[in-house]
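Engineer: Compute the structure for the input listed below.
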Amino acid sequence: MYDRSAAYYDLIYRELKDYRLEAEKIDTLLKRFDSSASRLLDVGCGTGEHAKRLSQDHGYKVDGVDIEPTFVEISQEKNPEGRFVTADMKDFDLGRSYDALLCLFSSIGYSGSLEGLRQSFRCFARHLKRNGLLLCEPWVDSDHWSPGLIDTTETRDPASGLEIKRVREASTEGKQSVLSITYTVAVDGRSESFAETHRLGLFSKAETNEALEQAGFELLSDNFDPIRGRLFVATRR
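Structural biologist: Down below sits the predicted model:
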């Protein structure tokens, strides 16, 4: 999915996301529900910025999983003390359990389908200690999805002069949202364009709650707004 854009991900989100602030809020939330939590697993870890901030600023030990190998390489380089693995969130086995599991920035949407969501939550539960916490930031739910939306992001790296323009167009296929993304990358008077298609499952709030329960979680809240949207907080029974 991110095979060509992964190298530009941090530059694109440099001004769009405040990872330091998000890590502060995640830390506050973790301490509220489990002040002893120290070992975290970040599923859909991307380039490891949340892991970096949670580790360096707040003292957590953080491992990560992502399906994109380039993201895993970048994450491992940023977080040499953690373990970062290329794997599908629906079916991985790290051979250990964690105090808390994070699935942030709508990564759970890449589970793709309702069955994929159930499989992911079951896999998450297998990697949590009893009463361990799950913090899951959902993708847009099916009741609030807006097909036809187009957005454009432009950014420039002052050090290299690299310029990136990203255009995303949203559509719907069945119970999936489809993001058709075009990138234009320019440097030293040369430019190239390439495209990616991202498919994320559309789930209602009720479907997510049911999938959590079926996987052995007890929902503590789905109303937290610590970052930019709703956050499901659940504990493994």
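Engineer: For I67, which phi and psi angles does the backbone take?
Structural biologist: Main-chain torsions, I67, degrees, to the nearest 10: phi -80, psi -20.
Engineer: distance of the residue lying farthest from the centre of the chain from L104?
Structural biologist: Largest separation from the mean C-alpha position in the chain: G189, at 34.0 Å (Cα atoms, centre = their mean). From G189 over to L104 the distance is 38 Å, taken as Cβ to Cβ, to the nearest Å. C-beta: built from backbone N, CA, C; applies to glycine.
Engineer: Ok, L54 next?
Structural biologist: According to Cβ to Cβ, L54 and L104 sit 11 Å apart.
Engineer: Just name the shakiest helix or strand of the chain by mean pLDDT.
Structural biologist: Within the chain, no helix or strand scores below strand 217-224, which has a mean of 86 by mean pLDDT, DSSP states H and E.
Engineer: from the chain's centre, how far out does it sit?
Structural biologist: Distance, stretch centre to chain centre, for strand 217-224: 18 Å (Cα atoms, centre = their mean, to the nearest Å).
Engineer: Then stretch 119-137?
Structural biologist: Taking the mean of its C-alpha atoms, stretch 119-137 sits 14 Å from the chain's own mean (Cα atoms, centre = their mean).
Engineer: got the buried residues for that stretch?
Structural biologist: The neighbour-count check on stretch 119-137 (16 or more other Cβ atoms under 10 Å) flags 119-125, 127-128, 132-137 as buried.
Engineer: Next step: those residues restricted to strands.
Structural biologist: Among these, the ones falling in strands (DSSP state E) are 128, 132-136.
Engineer: so what pLDDT did the residue nearest to L219 when sequence neighbours are not counted get?
Structural biologist: Nearest residue to L219, sequence neighbours excluded (Cβ to Cβ, 6 or more residues apart in numbering): A234, at 4.9 Å. With respect to pLDDT, A234 scores 96.
Engineer: Make 7 the starting number, not 1.
Structural biologist: I'll keep to 7 as the first residue from here, and by that count the last item is A240.
Engineer: so how many other residues sit close to A240?
Structural biologist: Burial of A240, expressed as a neighbour count using other Cβ atoms under 10 Å, amounts to 28.
Engineer: Now tell me what touches the helix or strand that contains it from outside.
Structural biologist: A240 belongs to strand 237-242 when assigned by DSSP states H and E. Here strand 237-242 makes contact (Cβ atoms under 8 Å, 6 or more residues apart in numbering) with 35, 39, 131, 134-144, 214, 218, 222-228, 230-231.
Engineer: Can you list the buried residues in the longest helix along the chain?
Structural biologist: Criterion DSSP state H: the longest helix present in the chain is helix 25-39. Neighbour-count burial for helix 25-39 flags 25, 28-30, 32-33, 35-36, 39 (criterion: 16+ other Cβ under 10 Å).
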